[in-house]
Structure formats: C-alpha cells, structure tokens
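**Student:** the amino acid sequence is not available; the structure is as follows:
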Ligand code: F6R
C-alpha cells in the first residue's frame with residue numbers, strides 16, 4: 001500500500017509533524033502548489049507553518065495555494081467563509097501573495113462557471129503538488145460526502161441536514177447557514193501528486209481505520225486514497241489507536 005502512516009503522541013506533535021511535510025515541499029520547491037483545508041484539525045499545523053515562516057525557515061513568497069471548498073452564497077469577507085478562515089489562520093500571517101491563493105468563489109451564483117473556472121485554474125498552475133486533507137467522521141474529504149459514486153471534478157454540493165445543523169452553532173440564525181457549497185471533486189484531489197491527511201482525537205479512530213484498511217468505496221470517500229501512489233497520514237495517538 002502506498003499510504004505511509006505516521007503516528008504521533010498528541011495534537012501538538014501531529015501538527016508539527018504534518019507541518020514538516022509541507023515545509024519540506026516548500027524547501028525543495030519554493031514555487032510549489034499547495035492544496036489546503038479548513039476545519040479544526042489543521043489549525044495547529046498552520047500555527048507551526050507561521051512559526052517556521054517567522055523563523056525564516058520557509059517562505060510562501062513563491063507558492064500558490066488552492067483550498068478544497070467554500071460555502072456557496074458567502075462572500076470571502078463573511079466570518080464563516082473559508083476564505084476568511086484561511087486569511088485568519090494562515091494567509092495574513094505568512095508572506096504568501098494573496099493573489100496566488102485561491103478558494104472556490106462562493107459569491108459566484110453560477111455554479112457551473114465557478115467550478116469549471118476553479119478546475120481550470122488548478123490545471124493552469126500545473127496541478128497540485130501536495131494536498132492537505134482533514135477527514136469527516138463519515139469519511140468525507142472536502143465536501144465529498146458518502147455517495148453512490150466518486151464525484152470527479154469541482155462541483156456544487158447540497159449540504160446534508162446534519163451538516164447544516166452542526167454548522168448552525170456558528171451562525172446567529174439557522175436560516176443564515178449556507179445550504180450549498182463548492183468543493184473539489186475526488187478526481188481533483190486524486191490528481192494531486194502527494195496527499196497529506198491529518199486526523200486527531202478518538203472520535204476519528206474508526207474512520208481512519210476504515211479509510212486505510214477498509215474496502216475502497218464511495219460510501220467512505222477517503223478510502224479512495226488507498227489507490228493513490230503517494231499518501232502520508234499523520235495521526236495523534238487517539239486517532240491512530242485502531243491502526244495496528
Ligand atoms: C475542510 C474540509 C472538511 C474537513 C473535515 C474535518 O476544508 O473540507 O472535509 O477537513 O470536515 O473537519 P475537522 O478538522 O474540523 O474535524
């Protein structure tokens with residue numbers, strides 16, 4: 001299997017180890033193309049990259065980034081948008097050129113145009129060198145939820161009621177929670193030359209195991225990573241507790 005599993009002790013160690021993988025990419029190719037994720041898991045990793053940048057060990061000055069996903073209907077200035085999240089946790093704290101950072105354009109109501117433009121921009125940048133992923137409890141990556149088939153390209157998704165309910169804690173009113181999102185497809189993710197998946201906490205242990213050792217099925221979208229030639233999975237002790 002082409003998946004390398006790296007077990008670390010805790011969230012801080014997981015964050016540091018995963019940040020080192022990205023730092024190594026930047027060191028070997030300062031103009032590399034990095035795919036990024038939001039969610040709570042990568043926040044510590046972003047803090048580590050900020051530290052490395054401040055210490056002069058790495059620079060994002062020549063790098064290009066593409067995020068996995070964005071809510072449809074939220075402008076990047078909205079504090080729940082993924083653009084806002086990335087500015088806050090990484091982009092505003094490192095030397096990246098903002099115009100070389102991309103998040104799907106949630107403010108564009110034309111889903112087909114917005115998604116096709118995003119897919120084309122990734123291709124024009126030469127494809128993604130390393131794609132960072134978190135994982136949902138049901139195995140979702142990006143907003144690719146369990147389904148009957150693997151969605152290929154960047155596309156529009158309707159959020160499930162459970163995702164809308166879970167997200168409503170972050171909005172004043174449940175009516176304000178976006179119902180839709182744009183996300184890279186499984187095909188977009190699989191085209192990345194290297195994939196770095198991070199997972200933390202005992203609530204992720206079962207899905208990490210299913211992802212690495214279960215059948216490859218669109219019912220567990222992350223299981224498709226078993227078919228990718230270059231995947232590194234960095235877990236803390238709890239998330240890795242059911243793996244060997
Ligand atoms: C984030 C994303 C999601 C998250 C996943 C895990 O851009 O696409 O797939 O990676 O929901 O989220 P956390 O890290 O909050 O458990």
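**Tutor:** Perfect, thanks for sending it. A quick note: this is a predicted structure, and the numbers were derived from the prediction, not measured.
**Student:** so where is this protein shaky, pLDDT-wise?
**Tutor:** 1 (pLDDT under 70).
**Student:** tell me which stretches of it form strands.
**Tutor:** Assigned by DSSP state E, the strands in the chain fall at 3-7, 33-36, 64-67, 69-71, 101-102, 130-133, 155-158, 180-183, 194-199, 231-235.
**Student:** including distance to residue 117, could those go into TSV?
**Tutor:** From N, CA and C alone the C-beta is placed, and that goes for glycine too. Shown next, in TSV, are the strands of the chain (distance: least, CB to CB, whole Å):
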stretch	distance to residue 117
strand 3-7	32
strand 33-36	16
strand 64-67	12
strand 69-71	13
strand 101-102	10
strand 130-133	19
strand 155-158	13
strand 180-183	10
strand 194-199	23
strand 231-235	28
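**Student:** reformat those as CSV; add mean neighbour count.
**Tutor:** Listed next are the strands of the chain as CSV, based on neighbours: other CB atoms under 10 Å:
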stretch, mean neighbour count
strand 3-7, 16
strand 33-36, 24
strand 64-67, 22
strand 69-71, 24
strand 101-102, 20
strand 130-133, 25
strand 155-158, 18
strand 180-183, 22
strand 194-199, 24
strand 231-235, 24
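**Student:** contacting residues for the residue most central in space within the chain?
**Tutor:** Among the residues of the chain, the one closest to the centroid is residue 37, at 2.6 Å (CA atoms, centre = their mean). Listed by CB atoms under 8 Å, 6 or more residues apart in numbering, the contact partners of residue 37 are 67, 68, 132, 133, 134, 142.
**Student:** cutoff 10 Å now
**Tutor:** Shown in contact with residue 37 (CB atoms under 10 Å, 6 or more residues apart in numbering): 45-46, 67-69, 82, 85-86, 131-135, 141-142, 196-198.
**Student:** returning to what we had before: closest to residue 215 out of the strands of the chain?
**Tutor:** strand 3-7 (14.7 Å; CB to CB).
**Student:** and stretch 192-202, how far out from the chain middle?
**Tutor:** 8 Å (CA atoms, centre = their mean, to the nearest Å).
**Student:** so how far is residue 66 from the residue nearest to the centre of the chain?
**Tutor:** 11 Å (CB to CB, to the nearest Å).
**Student:** what do those two both touch?
**Tutor:** The overlap between the contact sets of residue 37 and residue 66 (CB under 10 Å, 6+ apart) consists of residue 131.
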